[in-house]
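quick one, fold the following:
(one chain, ligands or ions: 1)
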Amino acid sequence: MGARSKIEWTDSTFNPWVGCTKVKRRKSPSACDYCYAEKWAKRSGQVEWGDHPRRRTTEAYWRNPVTWNGQAPSFQINNERRQRVFCASLADVFDNQVDPEWRSDLFNLIRACDQLDWQLLTKRPQNIRKMLPPDWGDGYPNVWFGTTAEDADAYRQRVPHLLKVPAAIHFVSYEPAIGPLGQLDIDGLYPDWLIIGGESGVRSDLIRLTDPQWVRDAIAECRRLGAAPFLKQWGTYKNNPNVVEQGCSEKQAMKIDPPENGKGGGKLDGQFWREFPTNAMLTLATAAKGRRAENGSERRTLYVGRTRAARRESWPLGEG
Ligand code: SF4
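Coordinates of the predicted model:
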């Protein structure tokens, strides 16, 4: 966990603490069922998963984001954008079993490291609002909030909680995609960014499959609404569209869409779908006037305006 992440949609990971409890769903399989962080914890012996104390990471480790923040000018020159930090890959920031003081320390760090874009992904979006720092206001301009939705039921249950909290960017991780997602807009609101991925790192007899058509439909929904799709990986060649739809063997699919494109390959209909929300935000900004007149989506328009203003002021090298 650290300075260079292998996760395609971020640059670095930071874990303020490690340990978590699985989020179960009544009668449905859950994204947490084969949690990779739990496997890491078992291998490393660092922490016991579930209803056990979380372990805070060291003071020295907590200084890493401060270092990255200090190096931001050179990162931005080399990459022509800001550095993204995924927080947390081995825990959940909005976990009820975490000492509130730890979370307060984390938000102080996030506020201080304002040259980094912090991507906070949770499976507990219902907790976000009550766990925000007192000065959250309309959201820190450098914080993106996301939640996981593995299928349409999870999407309709979790995403409204996410979208009700003010944030510069709202995103949804549709990974592992284990069912179709359906419509992305709920009461006129929708996320700015959709990360899509099939399940990986699971024994082949346990793996839950992703139908490429669900992914195609989710991307079409992004296009309809102006959100940015990011297809990360198929997870396994059993999901790869060359196998599922074209009748190729897994070996043949591997040649057409090699593992360097993502686990199980990463292309759909012969191309990558890897967009980031800042691009979509510009599209939305262009369309905002029309939408406001059309459906009265004032709140959405305000966020677009605020984000663009923030970028103009302090993000001279942002993607937009
Ligand atoms: S919320 Fe994330 S870290 Fe926690 S158990 Fe579920 S998958 Fe693992």
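
got the phi/psi numbers for Ala91?
Backbone torsions of Ala91, given as degrees, to the nearest 10, read phi -170, psi -180.

quick one: the residue lying closest to Lys123 once chain neighbours are set aside from the ligand, how far?
The shortest distance from Lys123 to any non-neighbouring residue, by C-beta to C-beta, 6 or more residues apart in numbering, is to Val23 (4.6 Å). C-beta: built from backbone N, CA, C; applies to glycine. Val23 sits 6 Å away from the ligand, going by C-beta to the nearest ligand atom, to the nearest Å.

strands along the stretch 101-250 of the chain, start to end?
116-122, 143-148, 169-174, 193-197, 228-233 (DSSP state E, counting those that start in this stretch).

the fourth one pairs with which strands?
It stands for strand 193-197. Strand 193-197 sits in its sheet next to strand 169-174 (parallel), strand 228-233 (parallel), going by DSSP bridges.

and of the ones you listed, who's closest to the ligand?
Evaluated over the strands paired with strand 193-197, closeness to the ligand peaks at strand 169-174, with 10.1 Å, by C-beta to the nearest ligand atom.

dump that closest one to PDB, restricted to CA.
Extracted in PDB, the C-alpha atoms of strand 169-174 (Å, rounded to 0.1, in the frame of the first residue of the first chain):
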ATOM      1  CA  ILE A 169     -17.200  14.500  -7.400                       C
ATOM      2  CA  HIS A 170     -19.600  11.600  -6.700                       C
ATOM      3  CA  PHE A 171     -18.600   8.200  -8.000                       C
ATOM      4  CA  VAL A 172     -19.900   4.600  -8.000                       C
ATOM      5  CA  SER A 173     -17.700   1.500  -8.100                       C
ATOM      6  CA  TYR A 174     -19.700  -1.200 -10.000                       C
END
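
now do that strand and strand 143-148, the angle between them.
20 degrees (axes from the mean of the first three to the mean of the last three C-alpha atoms, to 10 degrees).

what about the closest residue in space to Phe14 that isn't next to it in sequence, distance to Arg216?
Leaving aside its chain neighbours, Phe14 sits nearest to Cys87 (4.8 Å; criterion: C-beta to C-beta, 6+ apart). As judged by C-beta to C-beta, to the nearest Å, Cys87 and Arg216 stand 31 Å apart.
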